[in-house]
Every structure is written in C-alpha cells, then in structure tokens.
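Novice: Quick one: sequence and predicted model below, then my questions.
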Amino acid sequence: MNTRTGPLVVINVFTPKPQALDDFLALQIAALPKLRAGTAGARGSRLFRADDDSKAVMVSVFETQQDFQRFSESPEFAAHRATILPLLERAEPGRYQLVYQAGDL
C-alpha cells in the first residue's frame, strides 16, 4: 500500500551522448539556481557525476507532488529540457518516497 506522506523525492539518471557529459553538467549547474529560485516547494537538489563518467544523477526534493507538478510543467523547465535533450542518450526519471534516514546529507 502506497500512502504518500512527507516530501517527494525525484531521482533522474541521465546517460549523456559520448563526450557530452561535461557539457551536460555545465548546462545543469548554470541553470539550476535560476530554476530553483522560481519554484515554490523545492527543498533542494543534488547533482552527482558517475566515477566512470558514464552518467549523471540528479536528486531533487519537493514539499509535495503538486509542487513538483507545477515545476515540471513550467515554461522555464520546458526551455531547460529542450536545451539539455540534444546532449542525452537517455533520461530515466523516477519518483520516490523516503522510508529510512540516517545521518545528515
């Protein structure tokens, strides 16, 4: 049974085209402060680079599903997505609910 309580965690696994990881990360890092600034309910995010340079993982936390929906349907996010898509082989988004936590991240 899935009864959602607490924040919504969105994890995206990005597989860039060959030789495009640095460009993808540069675009993400440049755009994220502006995207987050206009987003109500965004708690924060973390962007990770795989040690083997094959993927990037973005973990974003939103207060509610509705906050995430507003963000993902915004014109600003649509413009950003159009900018990064040419650099990607694949993007695998998923929504998760925190079920255990230890320590501070």
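Specialist: Now that the structure is in, tell me what you want to look at.
Novice: buried set for stretch 71-84?
Specialist: Across stretch 71-84, burial judged by 16 or more other Cβ atoms under 10 Å covers 71, 77, 80, 84. Just so you know, the C-beta spots here come from the backbone N, C-alpha and C atoms, and that holds for glycine as well.
Novice: so how far is D52 from the first one?
Specialist: It stands for F71. 30 Å (Cβ to Cβ, to the nearest Å).
Novice: and the buried residues of stretch 71-84, which of them are in strands?
Specialist: Within the buried residues of stretch 71-84, no residue falls in strands by DSSP state E.
Novice: Please narrow those residues to those residing in helices.
Specialist: The helices, defined by DSSP state H, take in 71, 77, 80, 84 from the buried residues of stretch 71-84.
Novice: Looking at those, which one is closest to L98?
Specialist: Using Cβ to Cβ, F71 is the member of those that lies nearest L98, at 18.6 Å.
Novice: number of nearby residues for the residue nearest to that closest one when sequence neighbours are not counted?
Specialist: Nearest non-adjacent residue to F71, counting by Cβ to Cβ, 6 or more residues apart in numbering: T39, 4.8 Å away. Burial of T39, expressed as a neighbour count using other Cβ atoms under 10 Å, amounts to 20.
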